[in-house]
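Q: Just the structure for this:
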Amino acid sequence: MAHQAAGIVLRDCGDVEAGVRELRQALRQARRAGSAERETDVLAGLGVALFFAGRTAAGLAAFEAALRRSSGVLAAQVQYRRGILFFRLGRFPAALEDARHAVVVLRRAGDTLWTARALNLRATAYLRLGSTSRADADYVSAIGLYATIGQELEALDPLLNRALTAHVSGDLPAALAYLDAATPSYQRLNVPTITLRVIRCAVLLAAGLAGDALAEAEAALGEIEQIHGHLTEKADLLLMAASCALAAAQPQAALDWTRAAYRLFRTQRRSWQQALAARVLIEARYKAGPVSASLLREANRAAARLDELGSSDAAQAHLLAGRVALELGRRDDAEPHLAALARTRRRGPALSRVSGWLGEALRAEAAGRPAGMLAACKRGLDVLDEHRLALGASELRAQATVHGAELAALAQQHAAQAGRPRLLLTWSERWRATAYAVPPVRPSADAELNASLAALRAVTRGLDEARSQGSPSASMQKEQQRLESEVRASALRAQGDGQWTRTPFSPADLLDELGPAQLIEIVDVDGSLHVLVCGQGKVRQFAAGQARDALKAADFARFALRRMARSRPGADPASALAVLDQAGPALQDALLGPAVRHLGDGPVIIVPTGKLHPIPWAILPALQDRVTSVAPSAAAWMRAHRAPEPRHRHVVLAHGPGLASGGAEVPDVAKLYDDVTVLDGAAATADQVLSALNGAWLAHIAAHGIFRADSPLFSSLRMHDGPLTVYDFERLDRAPYRLVLSSCERAGLAPAGANELLGLVSSLLPLGTAGIIAGLVPLNDQALVPLMVDLHGHLRAGQTLAESLYRVRRALKDDPVQYATAASLVALGAA
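A: Residues are numbered from 1 along each chain as shown. Below you'll find the model as predicted:
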């Protein structure tokens, strides 16, 4: 028994070969003692250890020997353990049969511990065979039994498996909640987190968070090397890491990890996993390029093998084979694969159905049936909307759009090539800034989230003070990172309410609403920019430049604006102005092309793609002398244009600490309005500012801002008690109708998902804000003071934000620093 215990511990802690040696010694001792029961139990433990060591045939033989020597409860315990091997080998019906028999015998015998274990295995087999409701019921029963006997460690397994069940069912918030609930127990018990990390990877991939999933996989690989983990577990982890690398556009890493996993699966005789690895390996080779006839043959074999095994991965294998065949121009070879994929479009979880509709769309396109292709694209995106409505977090809603990117691209490519501008506008709007259209889930009642945000403000303020005094800050920085992780995790767990019906976009309605204005929608089709000029009852289409050229010119322009904002009084701005003079025409050629001759004389609303939002539009020659505003989509502009103004014209002015100007514009601006609340000094706390902003007609916040490209929802304004983050703004019941941000680069928006944006603007527009003025780059505090006072003078006179900014900018042309400051501001929305 001592040797057996040592063997089990060594096996489960990663030293499998040492565990096998101990278990063989235990087997010899049991035979010498003449104990058939002990010999049977040791044989079962040895069978598991041999499997973990990669010696599958020897492991199964040990189980057969154990079953020949046993009956009753002991035989049921052996069958349970053999069921684990069958499951790992992909023999799910055999695993289910062993688990079912074990549950009946062990439950009748009143063996609580082993009944819980067998229930967990039965549930896992059910899950693999598609019975999610039965699986979840068994997991709940297993957790309850473990709780009655104080088995906290083993109870983690069914809890993690409930996360997997939720993931398979498409309930990502619930999956994340189960994972977060299990994490503290792992930390308290100080046990390896490999399984936790692998399941988290799968959930993050489904959520479109490929970067997070890859980081989790790399951390798990480091951990398994450190603890010398099981080779079977390492093989599974390598395959998951490869899938994460593929999603994160790192095909070479995916190739390396998949090859290593494939070799291990082959050694372990795990045919099911070997077939899965073959599919991932072919996909990695496909993405690394080029395609070839031999790659198509391998893709065909992978799809056939997964079909034979009854794997849900067969659908992705058929998609891969279909893609390869289409790129080789072999439509007849692609047809059966795409047809097989299309058969999944009406059953299963939402993301599986989206893939099915993609198969149908590709099939229709290959057959020259554009109407069928567009219909399939529409149905697939409708299913994805259904999936996104189950998500409460704005980050998850934005990232989930990646699953529909190809459907949207297919439709846009067809419309662009067909020269049908209204159709291209409709499809561009169908998949542009869709997160703005879905009613937000306000987390104001989430006490845990609110407490974490308050703690984060306190720690961040303390960290700033420690750094300013040169005091040690490593521990506070670590706590800040921990709290940020806690806040984000809490937000991601939010459930959507599903209460929304999409309003179809109508080009005719847009044209009626524009009046004398022109709306310019920029569409990126495979890196080439197409410009849609909407106005005067028409939608016209023009080919412009390349997206990469526009982004390069924009980088130079923002560099020049930052340089001028930082220039000292009396410094010569000539070199920065020269950069702007070159960047403006270059941006105009790339972004607008020949469309620039059709802008008319009225106001212009620019609707760029997600990546093109941080453009200083005021430096484009054609836009310098006209009222210009920016919107995430035409539909978002229409909603902002229709947003009702508050009856009471209440104004809120707030300024945070550390401004070079001391918020000097705030007292002067306050004199312009009758009904005004001023928050400064100790009164300008995050909670007080949020409370005042609710439902205000106009708000002006003068505060240093930080744009976090790495984590956009932690972008913040610095208030008296710490950062006011985007997560805080999402707690508003009704955002201010108009908002002026006199701070650093608060118009910063990070592209997310397919064509979405994350940042302050993305959180406020769905909450009722109709217009925002904010900076694209860090601003000159001193130069902002007179500029903002003049801006509010125009607002007070009844002009819109865009009109006011235009008039301020025109009056500053003779002052380079002031003009650069005005050109660094952008008017967003329609108010």
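
Q: what residue ranges in the stretch 401-550 of the chain score low on pLDDT?
A: Applying pLDDT under 70 to the stretch 401-550 of the chain flags the ranges 433-445, 498-501.

Q: Is Ala699 part of a helix or strand, or is it coil?
A: Under DSSP: H, G, I helix; E, B strand; the rest coil, Ala699 falls in the strand class.

Q: For it, give me its contacts.
A: Each residue near Ala699 by CB atoms under 8 Å, 6 or more residues apart in numbering is listed here: Val651, Val652, Leu653, Ala654, Ala692, Leu693, Pro736, Arg738, Leu739, Val740. Placement of C-beta: from N, CA and C, glycine included.

Q: State the pLDDT value of the nearest residue to it once chain neighbours are set aside.
A: Nearest non-adjacent residue to Ala699, counting by CB to CB, 6 or more residues apart in numbering: Pro736, 4.0 Å away. As summarised for this prediction, Pro736 has a pLDDT of 94.

Q: How about Leu765?
A: pLDDT, Leu765: 79.

Q: And for Leu577?
A: The score at Leu577 is 80. That number is its pLDDT.

Q: Just give me the neighbour total for it.
A: Look at Leu577: counted by other CB atoms under 10 Å, it has 16 neighbours.

Q: Let the chain start at 17 from now.
A: Sure, I'll start numbering at 17, so the last one becomes Leu593.

Q: Does it touch Ala573 like I think?
A: No - if you go by CB atoms under 8 Å, Leu593 and Ala573 don't touch, sitting 11.5 Å apart.

Q: Hmm, Gln598 is touching Phe572, no?
A: Yes - using CB under 8 Å, Gln598 is in contact with Phe572, at 7.4 Å.

Q: in the lengthiest helix in the chain, what's buried?
A: Criterion DSSP state H: the longest helix present in the chain is helix 463-484. Under the neighbour-count criterion of 16 or more other CB atoms under 10 Å, helix 463-484 has 465-466, 468-473, 475-480, 482 buried.

Q: quick one: average confidence on stretch 39-56?
A: Stretch 39-56 comes out at a mean pLDDT of 92.

Q: thinking again about what came up before, which residues touch the residue nearest to Ala715?
A: Neighbouring residues of Pro752 by CB under 8 Å, 6+ apart: Val668, Leu709, Asn710, Gly711, Ala712, Trp713, Leu714, Ala715, Thr785.

Q: Leu828 now?
A: If you count contacts by CB under 8 Å, 6+ apart, then Leu828 has Leu803, Gln834, Tyr835, Thr837, Ala838 around it.

Q: Distance-wise, check the residue nearest to Ala715 relative to Ile538.
A: 28 Å (CB to CB, to the nearest Å).

Q: remind me which residues of the stretch 617-766 of the chain are low pLDDT?
A: Low-confidence segments of the stretch 617-766 of the chain (pLDDT under 70): 760-765.

Q: all helices in it, in order from the N-terminus.
A: In the stretch 617-766 of the chain, the segments counted as helices under DSSP state H, counting those that start in this stretch are 650-658, 681-686, 702-709, 742-745.

Q: nearest to Ala193, of the ones you listed?
A: helix 742-745 (17.5 Å; CB to CB).

Q: which secondary structure elements does the closest one contact?
A: helix 463-484, helix 702-709, helix 776-780 (3 or more CB pairs under 8 Å, 6 or more residues apart in numbering; DSSP states H and E).

Q: Recalculate using a threshold of 10 Å.
A: helix 410-415, helix 463-484, helix 490-508, helix 702-709, strand 732-735, helix 776-780 (3 or more CB pairs under 10 Å, 6 or more residues apart in numbering; DSSP states H and E).

Q: Just the pLDDT at Arg104, thanks.
A: Arg104 is given a pLDDT of 85.

Q: so how many other residues sit close to the nearest residue to it once chain neighbours are set aside?
A: In space, and not counting its chain neighbours, Arg104 is closest to Thr248: 6.2 Å by CB to CB, 6+ apart. Neighbourhood size, Thr248 [other CB under 10 Å]: 23.

Q: isn't Val25 right next to Ala65, touching?
A: No - look at Val25 against Ala65 with CB atoms under 10 Å: they stay out of range, at 11.2 Å.

Q: so what sits against both of those two?
A: Ala34, Gly35, Glu38 (CB atoms under 10 Å, 6 or more residues apart in numbering).

Q: Switch those residues over to TSV; also include distance to Asp513.
A: Output for the shared contacts of Val25 and Ala65, formatted as TSV (distance: CB to CB, whole Å):
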residue	distance to Asp513
Ala34	54
Gly35	50
Glu38	55
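
Q: could the residues you listed go into a markdown table alongside secondary structure, distance to Ala366 and neighbour count?
A: A markdown table is the format used below for the shared contacts of Val25 and Ala65 (DSSP: H, G, I helix; E, B strand; the rest coil; distance: CB to CB, whole Å; neighbours: other CB atoms under 10 Å):
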| residue | secondary structure | distance to Ala366 | neighbour count |
| --- | --- | --- | --- |
| Ala34 | helix | 46 | 17 |
| Gly35 | helix | 43 | 26 |
| Glu38 | helix | 48 | 25 |
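
Q: Out of those, flag the one nearest to Ser506.
A: The closest of the shared contacts of Val25 and Ala65, once distances to Ser506 are taken by CB to CB, is Gly35, at 39.9 Å.

Q: That closest one is in contact with Ile24, isn't it?
A: Yes - taking CB under 10 Å as the definition, Gly35 is a contact partner of Ile24 at 7.0 Å.

Q: what sits in contact with each of these two?
A: Contacts common to Gly35 and Ile24, judged by CB under 10 Å, 6+ apart, are Gly61, Val64, Ala65.

Q: Redo these as TSV? Include neighbour count, distance to Ala638 and secondary structure.
A: Listed next are the shared contacts of Gly35 and Ile24 as TSV, based on neighbours: other CB atoms under 10 Å; distance: CB to CB, whole Å; DSSP: H, G, I helix; E, B strand; the rest coil:
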residue	neighbour count	distance to Ala638	secondary structure
Gly61	25	77	helix
Val64	26	72	helix
Ala65	28	74	helix
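
Q: Can you tell me which of those residues is nearest Ile722?
A: The nearest one, if we look at the shared contacts of Gly35 and Ile24 relative to Ile722 and count by CB to CB, is Val64, at 52.0 Å.

Q: circling back to that earlier point, list just the nearest of the shared contacts of Val25 and Ala65 to Arg663.
A: Closest to Arg663, out of all of the shared contacts of Val25 and Ala65 and judged by CB to CB, is Gly35, at 75.0 Å.

Q: For the closest one, give its distance to Leu26.
A: Taken as CB to CB, the span from Gly35 to Leu26 is 4 Å.

Q: Can you work out which residues contact both of the two?
A: In contact with both Gly35 and Leu26: Ala65, using CB under 10 Å, 6+ apart.

Q: gap between whichever strand or helix holds Leu76 and the chain center?
A: Assigned by DSSP states H and E, Leu76 falls within helix 72-84. Relative to the chain's own centre, helix 72-84 is displaced by 45 Å; criterion: CA atoms, centre = their mean, to the nearest Å.

Q: before we move on, the earlier item: ranking the contacts of Pro752 by neighbours, who comes first?
A: Thr785 (27 neighbours).

Q: before we move on, which element is that one in?
A: Using DSSP H and E, no helix or strand contains Thr785.

Q: May I have the residues that are in contact with the nearest residue to it once chain neighbours are set aside?
A: Among residues not flanking Thr785 along the chain, Ala751 sits closest, at 4.2 Å (CB to CB, 6+ apart). Counting by CB under 10 Å, 6+ apart, Ala751 touches 456, 709-712, 715, 745, 779-786, 788.

Q: can you rerun that using 8 Å?
A: By CB under 8 Å, 6+ apart, the neighbours of Ala751 are Leu709, Asn710, Phe745, Leu780, Leu783, Gly784, Thr785.
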